[in-house]
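Student: only the shape, not the letters, is given here:
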């Protein structure tokens, strides 16, 4: 704690803007630039160490620097000092002044990748609602990977459930980027947007990505979408068997958020629960025709839907056909198992006459045609990432 507080004092005081005497404009610019470089270095170190407290201290100093020297930072950004431009573009992202936006927009055209990347990231982090989408639409397709990543990072400061700057499709395209950091950053943007439209693209790509970091981010993105991502359930359950613990943790968090549960991360727990859920639906006691896969209210009378077991599909009987009890099956003699009938009676073998007993049907297993290791005791879909095929009865 002492080390962090001392560092905070150093950051605030070491480059104080108040001097003992008068300074020229060039000296003041040089002082601001030195302070910007110093803060950039400490910010990068705090990020690398994931030191949240130190990051808070540095962010506070960056905001103060903007308040004290915004015009000078803007002037440095438009200068010919390329290194200084990079620092200025970074620092301006911590401003609360709209005057920082226009210079940053202009800097997104800069030929230097460091200046361009810092500018687009800072422009987004300003978070002004009227920020134009054009710089992001342009740089999300930049040939340099870390520029694309910086663009996505900037977008996280602007988008949300009600606003995507018209870039949802462009973000989805980043799921297939050759750079894993770009793929992972795009999923952070999707987590901010929380759109149901993102579910299918995530299932088709990131959830089965070869990189564990991307798979974990994909699972967390589905969790952020919430109940509207329920179709991802079997895929997330299969992800609980992933060999990387962060992927397992991401899938577990997502499942609990999507279904508002507090289950453990055991694959067996979630598999058994899901199989049981396939046998039930939610219906209105007054309007039996209403059937929903999840809790809610009746669209006709607004009554709470009740959880009931699904009735197996039955072939309607013609009026002339006799009604056969649902429990009727095969009956056999316990002594002579080759004697079988379809109705209860007694064995007709000479000297026997024992009552027939009902023959219990053999349980039916369902298997994925592509992944035979996936089996259940009820019809459902394959939970393997990228599959989702209907399970079929397993041949004996």
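Tutor: Yep, that arrived. This is a predicted model, so every value here is computed, not measured.

Student: the domain parsing of this protein - what is it?
Tutor: Following automatic domain parsing, one finds the domains of the chain at 1-13+23-125, 134-278, 280-310.

Student: tabulate the ones you listed (CSV), appending mean neighbour count and mean pLDDT.
Tutor: To be clear about C-beta, it is placed using only N, CA and C from the backbone, and glycine gets the same treatment. Converted to CSV, these look like this (neighbours: other C-beta atoms under 10 Å; pLDDT from 0 to 100):
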stretch, mean neighbour count, mean pLDDT
domain 1-13+23-125, 18, 85
domain 134-278, 19, 93
domain 280-310, 13, 81
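
Student: out of the ones you listed, which is closest to residue 375?
Tutor: domain 134-278 (10.6 Å; C-beta to C-beta).

Student: start and end of that closest one, how far apart?
Tutor: Distance across domain 134-278, first residue to last, is 46 Å (C-alpha to C-alpha, to the nearest Å).

Student: for that domain, what is the distance to the chain centroid?
Tutor: 3 Å (C-alpha atoms, centre = their mean, to the nearest Å).

Student: start at 24, not 1
Tutor: Done: numbering now begins at 24, and the last item shifts to domain 157-301.

Student: hmm, back to that, residue 373 is nearest to which of the domains of the chain?
Tutor: Using C-beta to C-beta as the measure, domain 303-333 is the one of those that comes nearest residue 373, at 45.6 Å.

Student: strands of the stretch 224-373 of the chain, start to end?
Tutor: Counting by DSSP state E, counting those that start in this stretch, the stretch 224-373 of the chain has strands at residues 303-306, 314-315, 329-332, 353-355, 363-364.

Student: nearest residue to residue 187 in space, please, no chain neighbours.
Tutor: The shortest distance from residue 187 to any non-neighbouring residue, by C-beta to C-beta, 6 or more residues apart in numbering, is to residue 216 (5.4 Å).

Student: enumerate every residue touching the one you found.
Tutor: 182, 183, 184, 187, 191, 194 (C-beta atoms under 8 Å, 6 or more residues apart in numbering).

Student: could you rerun that using 7 Å?
Tutor: 182, 183, 184, 187, 191 (C-beta atoms under 7 Å, 6 or more residues apart in numbering).

Student: mind checking which of those residues are in strands?
Tutor: If you go by DSSP state E, these have nothing in strands.

Student: tell me which of those residues fall in helices.
Tutor: With helices taken from DSSP state H, the overlap with these comprises residue 191.

Student: which among the contacts of residue 216 gets closest to residue 208?
Tutor: Proximity of the contacts of residue 216 to residue 208 (C-beta to C-beta) peaks at residue 182, which lies at 12.7 Å.

Student: kindly list the main-chain dihedrals of the closest one?
Tutor: Dihedral pair for residue 182: phi -90, psi 170, per degrees, to the nearest 10.
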